[in-house]
Every structure is written in structure tokens, then in C-alpha cells.
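A.B. asks: what's the 3D shape of this:
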Amino acid sequence: MNPETLWVLALLGGCVVCFVLNRPRMDVVALAALTLLVLGGTLTLAEALSGFSEPGVILIALFFVIGEALARAGVAQRVGDWLVERAGGREARLLALLMAATAGLGSVMSSTAVVAIFVPVALRVAARVGSAPGRLMMPLAFAGLLSGMLTLVGTPPNLVVQAELQRRGHAGFGFFDFTPMGLVLLVLGIGYMLVARRWLVAREAPLSVAEGRRRRLRDLASDYGLLDRTRRFRVPAASPVVGRTLGELELRARHGANVIAIERERGLGPTVVDTSAHQQILPGDVLLADFAAPDGRAQAQRLAEQMGFTELPFRRDYFSRLSREIGLAELLVPPGAAVIGQSILELRMRSQRGINVIGLRRGGRLVDEDPLHAKLKMGDTLLVAGAWKDIRGLAGAARDFVVLTLPAEFDDVAPAASRAPLALAVLAATVALMVSGLVPNVVAALLGCLAMGAVRCIDAESAYRSIHWQSLMLIVGMLPFAVALQKTGGIDWLVGAMLAATGEASPRAALAGLFVLTAVVGLFVSNTATAVLMAPIGLGLADRLGCAPEPFAMMVALAASAAFMTPVSSPVNTLVLGPGRYRFADFVKIGVPFTVIVGVVCVALLPLLFPF
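C.D. replies: Numbering: from 1, shown residues only. The predicted structure follows:
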């Protein structure tokens, strides 16, 4: 091994270590490594920047936009309503339909986005049919992962291996070349989960099963302990808060009192006014405040004494009585959200979005510490309160949060119109263009994005915001590694080491070894990074064996998406961890056998679909 090869392999190893530790961010690591390859003289500037002009990278960005347009058009919600109608109260039918619908949408949208959208749908239909959420959440995640195996644009790893094939002068895959293999694995996945669901322990009773309906405002308030923490105070004319604004008082930061609502006498009776920072307190106002800290009762007493408040009775049906004016919703923190690492106080939700965060659950349990200062993590769920118009605004903006649960009262207050038929028509036209080959795939996707904007399914600001720039920069930074490895002989060395491990056996044995190695790497780094790292090795393996590159390239893509084994091996799994009330061992128990099944089927069938 020459010194230049050793340098590139050492740099690649350093990247993998940083990916495992997730420090610094993966896109930063990739761009730093790219810079070092240029400074070290391994790559020219043109070679280093070639990823920015890679059609596959542009195609990934465009389908982020198309997927966001479908989400904003309410496609998943319509599918959820269809599932409720078709399930007929039977869990097995519901599971099969849910997995099929999730995989179908995920084949043309981000699987993480689809699963994030379908989590509340699955919770709602679970409550409707009387099933525990844990019986549906893992099948939902597995369907999201399997969706990436159905089409060329189903997941970024497919486009990564496509780019590597084309870089080496091969034609690459067509839009539906993944479909035969993907459909077989999807059918196997549905059948497997119909059997394996019996081992998914229901650690919590089904939501609202006794009533056979969606959760209502009082259910959400009870789930987060809100009914035991809330106090009502009347403000007398002599109180020092009269004439001051909520922003000036800083009741939450100074006294732990989160003002959820202000009741004010107007005309024929009390009405609820907004709780924005500029709202002025008037004599006779009634403040509804939540005290979430462990010593909340003592805080409430001190606040009443210092401000001269009179405490009033709080009825447990309060939120139901004022459901026309006050709303509650449950939000999920998705992967990559900008709010991760921030505390609730730092979010400034009241000033920026007009709503209050009044509860925090992590891993299915209420956070014991003061939630105001807890740092948010991916998969956390928040309970928010505010006017329905502000909550409706959250439902249409899923960049930082996904609306997990909207209570039944929301349907009566704010029924939402949808442009789903137009969005689906644009999607069908885009796919038809890609399949026909009349225009390049990137041009077809670009036309689809422009059409989504023209029919007002998405605006320019939302389109730019929908693109997951971290993923794109990761691909752009890591793709030139293949060039560096090829120039320095690193690929030959890695392929030789792999063939030595498999004993220079048959191409099928090499395929099996490639699946195992890719799946193991995927336990520690993202599926996109795994595909970037493994694609040149897989194609080098094909060259050494004198085989066609397609089965080895597709094996890398499929194995990179087979992240079934742990809850942290994919953001899709992490999303369902809390709502499904799972533990780490649940994924190991269900995911490892299915990964083995996927590997065996891929080794058996890929050479038949793509001969060596």
C-alpha cells in the first residue's frame, strides 16, 4: 500500500469515526474531508467540486420539494381517512394497508417525511380499531424503509449508486428497475409483520379505545398532567400587574407561570383573548396559568401572594367548554429540526408562533425535570396551546415540528381544504415523463416542481425550506472520495481485502458479503453515507470478478436501506420509538431476523433480475 492510498484510507476512516460519534455534523465532516483531499493534492479542484454538478444530487433536491408539496396538499391525510374506512376494525387488514400505503407514498417522497406524516394517522386509526399503538408503529417504520427499495427516487442511496454507475460509463437504472425486487421485499415485510406483531408488547393501553374515537382536548390535557397543574387567577384592580403586558411581566421566566389563556368580560359574557407578549392585563381579567415545575403548587401560591391574585376554581372540563377558542395539539420533533438542542424557553413559541408549549414527553414518558429548560431531542413530543388559527398554521409547516395529534374538536373549528388531486396529477405527470425518457430525469423533476408551484401546492419559500441541505452537502462532500480511492488504488485494496474475507468464492458469496458489510456499516452511519462509502467498493468487486455491475450496485442500495436492526440506525425508526412505546431490544428482536431474511432474498433473486 503506497503512502497516498494510506492517506486517503486514513481520512476515510476518520470520517467514519466522526459519523459514528455524530461530531461534528456529517455534512461538515464531508466538506472538511473534501477540502483536505484538495489541499493534499489527491484531487484537483474540478474533481473535488464535481459533486455539485452531479445530476443525482440535483434530482434528490427536486424530489424533496415534490415531497413537501404532496405533504402540504394533504395527500397522506386523505390516505389516512381511506385507511380508516377500509380497515373495517380489523388490525391485520389495517397493518397491511398501512404498510402498503406508506411504502407507496415513500417511493416518491422522503421516507422520513412520509413516516412523520403517517405517525398521527396510525395513532388515529389504532384508536379507531382498538389496537395498541405499538402494534402499528414498527410496521410503519419498516414500510418507510422498504419504500426506498421501490423506485429509483425512493431514497438517496439509490441515486448515489446510480451516480457512481454513470460516472463509470454505465447506463444506470431506470425509474422502475428497483420495483420488482422492492415489491417482493414489501410483500415479505407485510407478511413478516403480520406474524411478528404478536411479539410487539403493548406497554400502554390503546388510546381512547374505550370510547372508540379520536382523543379530545381533555384527553390531551390529561395525558400531559395539565389538569393537575393548571390554576385560574382573577386580577384585582389593585394588582401591580394591571396595565402591564405579558412580555414585561415575564411570568414564565420569573415565576414558572405559563399563561395559557386570558378570560375577559366583554358584552354578554367572558371571552378569551390572545396571550401574545404585547397583551395588556386589565382589571378583572382571569389568567389561566400552567405551573410545570416540580414545585408548581408552591410557585402558584407565591405568585398569588406577590401579585395580589385571587385563585378561582378550575373545572376539569375547562378546555372542552372553551373548545371554540382554545386549542391543544401534540407536536413531534422530526430529524434535522432546527429546534433540536434548544430549550422550550429558547424557542420563543409565544412571540414567534402565537402558541404556548405546556408539556413535554420523551420516549413516551413525561419529563420529570422542569420542561421549560429541557433541551429538545429528536422524537420528543410537545403539547402546545393557543388559538386554533395558530395551531392550524403549525399543521401546514412541518419543518421544525410535525403535528402528531389534533383533537377531535379541530375538525369542527377549522376544516381544511386540500389540493391533493392537483398534487397527485402533477406527480403522475412527472413520473410519466421520467419513465418515458422524453426528457432527462432532472428536467422532468424540475417541471414537476414548477407545476406544483403553479397549482399552489407549494410556494418558493417553502420549497427552499423543504430541501434537506445537510444530506445534499454530505453527498457532495463524499462522492469525490470514490475518485480519490480509484486514483490512489484504495478501491483495489479494499476489494482485495473483501475477496480475501469471502475466500475468492462465487459471485453470490461476494454479494452476500457485500450485503453484510453494507448493513453493518449502516448501523453506525446514515444510509446515504453508507451508500457513498460502499458503492465504489461494490462496483470494484464486480470488476474484479468480471461480473456486470448492476447486481452489486443494487445490493449496496438495498442493504443501505435495510436499517431495521436498531432504533438509531435510521431516523425513521427513531420517529416511532416514542409513539410506539418501544425499547431498544424491541427493534433488535424484530429487526435482526427480518434483515437476515432481506439479505437471503436479495442474494437469491438479484442475479436472476440482473444476471452476472
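A.B. asks: tell me where the stretch 451-600 of the chain is predicted with low confidence.
C.D. replies: 491, 502-505, 524-525, 568-569 (pLDDT under 70).
A.B. asks: give me that answer again for 80
C.D. replies: 461-462, 465-472, 474-475, 478-483, 485-487, 489-505, 521-529, 566-585 (pLDDT under 80).
A.B. asks: which parts of it are helices?
C.D. replies: Ranges of helices in the stretch 451-600 of the chain, per DSSP state H, counting those that start in this stretch, are 460-466, 469-488, 490-502, 507-521, 527-545, 549-561, 571-577, 584-609.
A.B. asks: of all the residues in the fifth one, which ones are buried?
C.D. replies: By that I understand helix 527-545. Neighbour counts over helix 527-545 (16 or more other Cβ atoms under 10 Å) mark 527-542, 544-545 as buried. C-beta: built from backbone N, CA, C; applies to glycine.
A.B. asks: ditto for the last one
C.D. replies: Judged by neighbour count using 16+ other Cβ under 10 Å, the buried positions of helix 584-609 are 586-587, 590-591, 594-595, 597-599, 602-603, 606-607.
A.B. asks: residue farthest from the centroid of this protein?
C.D. replies: A238 (50.4 Å; Cα atoms, centre = their mean).
A.B. asks: assumed that one was part of a strand.
C.D. replies: No. The assignment for A238 (DSSP: H, G, I helix; E, B strand; the rest coil) gives coil, which keeps it out of a strand.
A.B. asks: tell me how far it lies from L422.
C.D. replies: 59 Å (Cβ to Cβ, to the nearest Å).
A.B. asks: likewise G453?
C.D. replies: 11 Å.
A.B. asks: one more: Q279?
C.D. replies: Distance from Q279 to L422, by Cβ to Cβ: 39 Å.
A.B. asks: and if you look at V8?
C.D. replies: In terms of Cβ to Cβ, V8 sits 49 Å off from L422.
A.B. asks: and R353, by the same measure?
C.D. replies: 28 Å.
A.B. asks: again, but for N2
C.D. replies: Taken as Cβ to Cβ, the span from N2 to L422 is 58 Å.
A.B. asks: centre-most residue in this protein?
C.D. replies: Closest-to-mean residue, the chain, Cα atoms, centre = their mean: T112 / 3.9 Å.
A.B. asks: burial count for the nearest residue to that one once chain neighbours are set aside?
C.D. replies: Leaving aside its chain neighbours, T112 sits nearest to P571 (5.0 Å; criterion: Cβ to Cβ, 6 or more residues apart in numbering). By the criterion of other Cβ atoms under 10 Å, P571 has 22 neighbours.
A.B. asks: ok, P571 - contacts?
C.D. replies: T112, P334, P335, G336, M378 (Cβ atoms under 8 Å, 6 or more residues apart in numbering).
A.B. asks: any idea how far E550 is from it?
C.D. replies: Distance from P571 to E550, by Cβ to Cβ: 28 Å.
A.B. asks: tell me which element the closest residue to A531 other than its chain neighbours falls in.
C.D. replies: In space, and not counting its chain neighbours, A531 is closest to P157: 3.5 Å by Cβ to Cβ, 6+ apart. Using DSSP states H and E, P157 falls within helix 156-167.
A.B. asks: any buried residues in stretch 432-440, and which?
C.D. replies: For stretch 432-440, using 16+ other Cβ under 10 Å, the buried residues are L433, M434.
A.B. asks: what does it contact?
C.D. replies: P55, L152, V153, G174, F175, F176, N441, V443, A444, A445, L447, G448.
A.B. asks: can you check stretch 473-482 too?
C.D. replies: For stretch 473-482, using Cβ under 8 Å, 6+ apart, the contacting residues are 8, 12, 15, 26-27, 29-34, 37, 43, 47-48, 50-52, 54, 56-57, 60, 156, 160, 163-164, 167, 491, 526, 528-529, 532-533, 535-536.
A.B. asks: can you do 7 Å?
C.D. replies: 12, 26-27, 30-31, 33-34, 37, 43, 47-48, 50-52, 54, 57, 156, 160, 163-164, 528-529, 532, 535-536 (Cβ atoms under 7 Å, 6 or more residues apart in numbering).
A.B. asks: so how do I select the buried members of these in PyMOL?
C.D. replies: To isolate the buried ones among those in PyMOL, judged by 16+ other Cβ under 10 Å, type:
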select buried, resi 12+26+27+30+31+33+34+37+43+47+48+50+51+54+57+156+160+163+164+528+529+532+535+536
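A.B. asks: what's the following helix or strand after the worst-scoring helix or strand of the chain on mean pLDDT?
C.D. replies: Least confident helix or strand of the chain, by mean pLDDT, DSSP states H and E, is helix 409-413 with a mean of 57. Downstream of helix 409-413, the first helix or strand assigned by DSSP H and E is helix 420-436.
A.B. asks: that next one: how far from the chain's middle?
C.D. replies: 24 Å (Cα atoms, centre = their mean, to the nearest Å).
A.B. asks: and that helix, which residues are buried?
C.D. replies: Quick answer for helix 420-436 (16+ other Cβ under 10 Å): A420, L422, A423, V426, L427, T430, V431, L433, M434.
A.B. asks: ok, now how distant is the closest residue to the third one other than its chain neighbours from G154?
C.D. replies: To tie it back to what came earlier, the one meant is A423. Spatially, and ignoring its direct neighbours in sequence, A423 is nearest to A73 (3.7 Å; Cβ to Cβ, 6+ apart). Separation of A73 from G154 (Cβ to Cβ) stands at 20 Å.
A.B. asks: ditto for L36
C.D. replies: In terms of Cβ to Cβ, L36 sits 33 Å off from G154.
A.B. asks: which of the two has more neighbours?
C.D. replies: G154 (27 against 16).
A.B. asks: is the more buried one in contact with G144, as I believe?
C.D. replies: No. In this structure, G154 is not within contact of G144 by Cβ atoms under 7 Å, at 10.2 Å.
A.B. asks: quick one on the thing from earlier: most neighbours of all the contacts of P571, which one?
C.D. replies: Using other Cβ under 10 Å as the neighbour test, these are led by P334, with 24 neighbours.
A.B. asks: confirm that that one sits in a helix.
C.D. replies: No. Checked against three-state DSSP, P334 lies outside a helix; its state is coil.
A.B. asks: neighbours of the residue nearest to A531, just the number please.
C.D. replies: When neighbours are counted by other Cβ under 10 Å, P157 registers 28.
A.B. asks: right, and it touches N527 too?
C.D. replies: Yes. At 5.2 Å, P157 counts as touching N527 under the criterion of Cβ under 7 Å.
A.B. asks: from G182, how far out is the closest residue to G148 other than its chain neighbours?
C.D. replies: Among residues not flanking G148 along the chain, T155 sits closest, at 2.9 Å (Cβ to Cβ, 6+ apart). T155 is 10 Å from G182, where distance means Cβ to Cβ.
A.B. asks: these two: who's more crowded?
C.D. replies: Neighbours were counted for T155 and for G182 using other Cβ under 10 Å; T155 has more, 29 against 23.
A.B. asks: is it true that that one touches G144?
C.D. replies: No. Using Cβ under 7 Å, T155 is not in contact with G144; the gap is 9.6 Å.
A.B. asks: now stretch 292-306, how far from the chain's geometric center?
C.D. replies: Distance, centroid of stretch 292-306 to centroid of chain: 37 Å (Cα atoms, centre = their mean).
A.B. asks: touching that stretch from outside, list them.
C.D. replies: So stretch 292-306 is contacted by 229, 231, 233, 255-258, 291, 309, 311, 358, 370-372 (Cβ under 7 Å, 6+ apart).
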